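# Provided below for reference: sequence and predicted model.
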Amino acid sequence: MKKKEKISHEGHRERLLNLVYNVGLENVSEVQAVEYFLTYVFPRGDVNPLAHTLLNHFGNFANIVDADYNELMKINGINDRSAKRIKMIRGFFTYYPFVRMKKRISLKNNREFYRFLSGLLRFEETENLYIFAIDHSFKLLQKRSYDLNKVRQVGIQPMDLYNYISSTKATYLAVAHNHPHGTAKPSKDDHAAVKFIEQLLESVDCKLLDSFIVGEDGIYSERNDGFIENFDEEIMIDFLDTSSIK
């Protein structure tokens, strides 16, 4: 790259950074937003043409981030490292709110916890499972994620679950998974999975608080045998009533 071109690209990146900083990411064009994102994926160079290519192929920013690794690798200009960096950005979307809210998120605050679950699972394209460690005052201590397809193949290993409970000193566990593009109503397999976890917990001083399912239509609570939130309306349930927890 010629020195003049390098200076031009660096100047463009600086102008783009200042634009996004001053007006906000939501107030720039989508191609500018994608281009700005790509400056983190590619530390140097002109990423404007690649931003156009990605948008033309995938349609929007969300589809780019959700794209399969192999599909990203088909794009001219994307290599193994950049494809992995694009895929890893999704982790920041869930890591930030969890760290931000970890000390104050509590199942006493239904609205806050539902919002957290929704952000975690509502827009996932694949099935994911989370197990939450919760203390005696219903505060969220930690979360652990699983690929649900792998869980179906090998199950949840009892020692792994027991070590998780021991390391977090959890009083309760809560489980949540998603039904991408489907209803949150549980299947027979979902009910069986809850029974299996409850059986595993019989030998330790920890109880299953609830199992949640997030679908297109809302969040379903297996403990309450119904929707605790519809995405077009809110239904509040008192988590402090533990009388139905076995």
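Now that the structure is in, tell me what you want to look at.

# Tell me where this structure has helices.
3-23, 30-41, 48-58, 61-66, 69-72, 80-101, 110-121, 148-154, 158-168, 188-201 (DSSP state H).

# can you put these in a markdown table and add distance to Leu209?
Every residue, glycine included, has its C-beta placed from N, CA and C. Shown next, in a markdown table, are the helices of the chain (distance: least, Cβ to Cβ, whole Å):
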| stretch | distance to Leu209 |
| --- | --- |
| helix 3-23 | 41 |
| helix 30-41 | 37 |
| helix 48-58 | 39 |
| helix 61-66 | 30 |
| helix 69-72 | 35 |
| helix 80-101 | 18 |
| helix 110-121 | 11 |
| helix 148-154 | 19 |
| helix 158-168 | 13 |
| helix 188-201 | 11 |
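
# Format these as TSV; extra columns: distance to Asn230 and mean pLDDT.
Listed next are these as TSV, based on distance: least, Cβ to Cβ, whole Å; pLDDT from 0 to 100:
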stretch	distance to Asn230	mean pLDDT
helix 3-23	35	76
helix 30-41	30	93
helix 48-58	30	94
helix 61-66	23	88
helix 69-72	33	92
helix 80-101	22	80
helix 110-121	11	82
helix 148-154	23	72
helix 158-168	31	90
helix 188-201	19	87
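
# Can you check which of those gets nearest to Gly218?
Among the helices of the chain, helix 110-121 comes nearest to Gly218, with 9.1 Å by Cβ to Cβ.

# Report all helices and strands that the closest one contacts.
helix 80-101, strand 128-134, strand 172-178, strand 207-214, strand 218-221, strand 226-230 (3 or more Cβ pairs under 8 Å, 6 or more residues apart in numbering; DSSP states H and E).

# Just send these back as CSV, with distance to Ile197 too.
Below are these laid out as CSV (distance: least, Cβ to Cβ, whole Å):
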stretch, distance to Ile197
helix 80-101, 22
strand 128-134, 8
strand 172-178, 6
strand 207-214, 6
strand 218-221, 15
strand 226-230, 19
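
# Could you export these as CSV, including mean neighbour count?
As requested, those are exported to CSV (neighbours: other Cβ atoms under 10 Å):
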stretch, mean neighbour count
helix 80-101, 13
strand 128-134, 22
strand 172-178, 23
strand 207-214, 22
strand 218-221, 22
strand 226-230, 18
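
# distance of the residue nearest to Tyr162 when sequence neighbours are not counted from Ser82?
Spatially, and ignoring its direct neighbours in sequence, Tyr162 is nearest to Val204 (6.1 Å; Cβ to Cβ, 6 or more residues apart in numbering). Between Val204 and Ser82 the distance is 44 Å, computed by Cβ to Cβ, to the nearest Å.

# ok, the spatially closest residue to His179 that is not a sequence neighbour - contacts?
Excluding its sequence neighbours, the residue lying closest to His179 (Cβ to Cβ, 6+ apart) is Gly215, at 4.3 Å. Gly215 is in contact with 178-179, 182-185, counting by Cβ atoms under 8 Å, 6 or more residues apart in numbering.

# can you count the residues close to the residue lying closest to Val214 once chain neighbours are set aside?
Excluding the flanking residues, the one nearest Val214 by Cβ to Cβ, 6+ apart is Leu121, at 4.0 Å. Neighbourhood size, Leu121 [other Cβ atoms under 10 Å]: 24.

# Please apply the same query to Asp160.
12.

# Where do the domain boundaries of the chain fall?
As recorded under automatic domain parsing, the domains making up the chain are 3-93, 105-234.

# if I look at the residue lying closest to Leu72 once chain neighbours are set aside, how far off is Ala170?
Nearest non-adjacent residue to Leu72, counting by Cβ to Cβ, 6+ apart: Ala83, 4.2 Å away. With distances taken as Cβ to Cβ, Ala83 is found 36 Å from Ala170.

# ok, now Val194?
Distance, Val194 to Ala170, by Cβ to Cβ: 17 Å.

# Which one's more surrounded, these two?
Counted by other Cβ under 10 Å, Val194 and Ala170 do not tie: Ala170 has more neighbours, with 24 against 17.
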